[in-house]
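Colleague: I'll drop the sequence and a predicted model, then ask my questions.
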Amino acid sequence: MSKIKVLGIRHREPEPQENIEVLPPATDVTELSQPVSKEVIRKTITRIGNGFNAWVRKITSTTEGMESEVSEPLLIAQSGHRIEASQIKGQCEVCGGFDAYIFNCYVHGCKKALCLKHVFFFQEGDKQIPLCLKHYQQFVNDRDTWQTPKPRGRK
């Protein structure tokens, strides 16, 4: 085993530091309030067909930070109304379009799902009956206008 000889222990005493002057930052304060990352949201008009993307995010790196580009669809229903994705109620069986307003044909054996463009309403008294084109024509042709009761008014 080798021997180690200790020559001395040196303790470093703290040296007094000079007063350091704090300078304001070289950059403008208005530059610091701007975000490092940017987010751009683009709306694209989308007719609802076989499907659609709820949103797509593309992130790219720039010299100023990260830039996020979000592409959201602006959904146009079959009836022409602007709707949100959560408002889609069903698909029309005549045209195949999706809509927020879906009606079922009133006839028992039919019950087709119909959008606003393809539904026909038959007025019977104070209620409106939703029908497909085929059954609407049958209702109109089978209705005897001479037999429908007229509202009795004062004479």
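Modeller: Good, I have the coordinates.
Colleague: So for stretch 109-129, first residue to last residue, what's the gap.
Modeller: Chord length of stretch 109-129, first to last residue, is 15 Å (Cα to Cα, to the nearest Å).
Colleague: remind me, longest helix of the chain?
Modeller: For the chain, the longest helix by residue count, based on DSSP state H, is helix 133-142.
Colleague: List the contacts of that one.
Modeller: 94, 105-107, 110, 118, 120, 122, 129, 131 (Cβ atoms under 8 Å, 6 or more residues apart in numbering). All C-beta atoms are positioned from the backbone trio N, CA, C, and that covers glycine.
Colleague: quick one: which of those sit in strands?
Modeller: 120, 122, 129, 131 (DSSP state E).
Colleague: Just the buried positions in stretch 64-84, please.
Modeller: Neighbour counts over stretch 64-84 (16 or more other Cβ atoms under 10 Å) mark 72-73, 75, 77-79, 83 as buried.
Colleague: taking the mean pLDDT, what do you get for that stretch?
Modeller: Averaging pLDDT along stretch 64-84 yields 81.
Colleague: which outside residues touch that stretch?
Modeller: Contact partners of stretch 64-84, identified using Cβ under 8 Å, 6+ apart, comprise 35-48, 52-61, 85, 88, 92, 95, 97-101, 115-117.
Colleague: what are the ranges of the helices in the protein?
Modeller: 29-33, 133-142.
Colleague: now the strands for the chain?
Modeller: Ranges of strands in the chain, per DSSP E, are 38-47, 56-62, 65-76, 82-83, 90-91, 98-99, 103-104, 113-114, 120-124, 127-131.
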